[in-house]
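1. Sharing a sequence plus its predicted fold:
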Amino acid sequence: MELVAFLETLWLARIPILKGIGVTVSISLLAILVGTVLGIGVGLALTYGKGPVRWLVRGYTDFIRGTPVLVLVLASYYVLGTVGIDLGPFQAGVLALAVFCSSHVGEIVRGALQSIPKGQTEAAKAIGLTFPQTFAYVLGPQALRQVLPAWVNTAAEMVKASTLLSIIGVAELLLRTQELISRTFMSLEFYLFAGFLYFVINYGIERFGKYVERKTSIPS
Amino acid sequence: MGYTLNFSAVWRSFDQLLWGLGLSLGLAFVAIAIGCVIGLVTAFGLLSKQAFLRRLAQVYVTIIRNTPILVLVLFTFFAMPQMGIRLGKIESFVATLSIYSGAYLAEVFRGGLLAVPNGLKEAGLAIGLTQAQIRSSIVIPLMLRNVLPSLSSTMISLFKDTSLAAAIAVPELTFEARKINVESFRVIETWMVTSMLYVATCSVLAALLRRLEKRMSIPR
């Protein structure tokens, strides 16, 4: 009757698990939101920035992309505390994930903007559009088609990376699961269960990404 | 605020960090090598004519890609013993990372296999090669040359994923960094040096792989 015992424990632990899912979702949403806003800035700076601005931003993205997310999370939690910026594990973790997300979104935005043929910008200039107009009516919409599917993938990446916050003690789904396991010793069952929950969330996002890709692809 | 950087504690333990980095590289190398084999087999599975094999490969890739790697690492190390599979820390992590990288590399290889023109396979048939010979001496070499750019970015991100081995106390770079941190409280210095080591290794790897790409690219 192992299954019955598992289901019973699961029912007793439903509140912490649900809370954990809530924290995982809010970490991911916050990280994606902040990361996307920052990332668009990074992408624009990488594409249109002049000289030092571009080098600086390039250095930033290369540094972030060369460092494992776990190191970013640990560094953000411990280093910021040392220099007197007292963030809780939740804020520090979200900050690390947002920074990580921003470098990815930045690269996606840059790639999309640079893949637009030069003729488009020249045509816009020829009919007398200013740069903001060119961006709003010509480049932006075309870039968006390419950015959206990749951006949805990044969102799934963020949900997966949110598990790393369990290491600095944020009570998200994985840490809640670990607490549960240390109480009940049902490691197999609960790791499988947590894995299943993450799978459901990410699979949902992946399907949504495929849908967005179909919707945004240029009809041929 | 008056914080003066003092790297002496980090320099004193620098050889530990380097050993850790060595172990990280070793883990990544072994896991990617095994992962390449798994990925190649899976990629042929994904493109197989037999529905069952195709389904099997798809299920493997979908499950692994949508589950956070930290959950996989913890599952292999803490939950598998319940099923009677008991592995040491390092073996367990290498097994996890191999299976994880197999799923990502399978997708990379699948794209490459699709890009090999049919005419070449037909030419192979025409000169009397068997299916196995066509695969080993026409399809796979061409595919490998085609996928090198995406292969190298996957490899670099897999190298960064070795940092998760710290979660099960494998003494690789991140683990060593945390240890020095706890021993010396030189938080900022340790994380600065550690992330620089990661960034430097990633850029060296990227540069080496780029040279390989140049040498191996198909001349047009």
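-> Looks like it arrived, so ask away.

2. which residue ends up closest to the midpoint of the chain in space?
-> Using chain A. Geometric centre of chain A, nearest residue: A:Met158, 3.4 Å, by CA atoms, centre = their mean.

3. meant chain B, my bad for not saying
-> B:Leu158 (3.4 Å).

4. For chain A, give the helix that spans the most residues.
-> Criterion DSSP state H: the longest helix present in chain A is helix A:14-48.

5. contacting residues around the next helix or strand along the chain from that one?
-> Once helix A:14-48 ends, the next helix or strand along the chain (criterion: DSSP states H and E) is helix A:51-66. Outside helix A:51-66, the residues that touch it by CB atoms under 8 Å, 6 or more residues apart in numbering or on different chains are A:42, A:45-46, A:49, A:72, A:99-100, A:102-104, A:106-107, B:160, B:195, B:198-200, B:202-203. Quick note: C-beta positions are derived from backbone N, CA and C, even for glycine.

6. Give me the buried entries from those.
-> The neighbour count (16 or more other CB atoms under 10 Å in any protein chain shown) marks A:42, A:45-46, A:49, A:72, A:99-100, A:102-104, A:106-107, B:160, B:195, B:198-199, B:202 as buried among the contacts of helix A:51-66.

7. Tell me which stretches of the chain form strands.
-> Using chain A here. Remark: no strands are assigned in chain A by DSSP state E.

8. Now go through the contacts of helix A:51-66 and say which are in helices.
-> Under the assignment DSSP H, these contribute A:42, A:45-46, A:72, A:99-100, A:102-104, A:106-107, B:160, B:195, B:198-200, B:202-203 to helices.

9. In contact with B:Thr67, which residues?
-> Counting by CB under 8 Å, 6+ apart, B:Thr67 makes contact with A:160, A:195, A:198-199, A:202.

10. What pLDDT does the model give it?
-> Each residue has a pLDDT score; the one for B:Thr67 is 94.

11. Count the neighbours of the closest residue to B:Lys121 other than its chain neighbours for me.
-> Among residues not flanking B:Lys121 along the chain, B:Ile134 sits closest, at 5.6 Å (CB to CB, 6 or more residues apart in numbering or on different chains). Residue neighbour count, defined by other CB atoms under 10 Å in any protein chain shown, stands at 18 for B:Ile134.

12. any idea which element B:Ile134 lies in?
-> helix B:131-134.

13. Give me the helix or strand of chain B that scores worst on average pLDDT.
-> The weakest-scoring helix or strand in chain B, judged by mean pLDDT, DSSP states H and E, is helix B:8-12 (a mean of 82).

14. returning to that earlier point: quick one: residues contacting the residue nearest to B:Lys121.
-> B:Ile134 neighbours (CB under 8 Å, 6+ apart): B:121, B:124-125.

15. Please report how far the residue nearest to the centre of chain A lies from chain B.
-> From A:Met158 across to chain B, the span is 11 Å (CB to the nearest CB, to the nearest Å).

16. Low-confidence bits of the chain, can you list those?
-> The chain I'm using is chain A. Applying pLDDT under 70 to chain A flags the ranges A:1, A:220.

17. You answered for a different chain; I wanted chain B.
-> Residues of chain B meeting the criterion pLDDT under 70: B:1-2, B:220.
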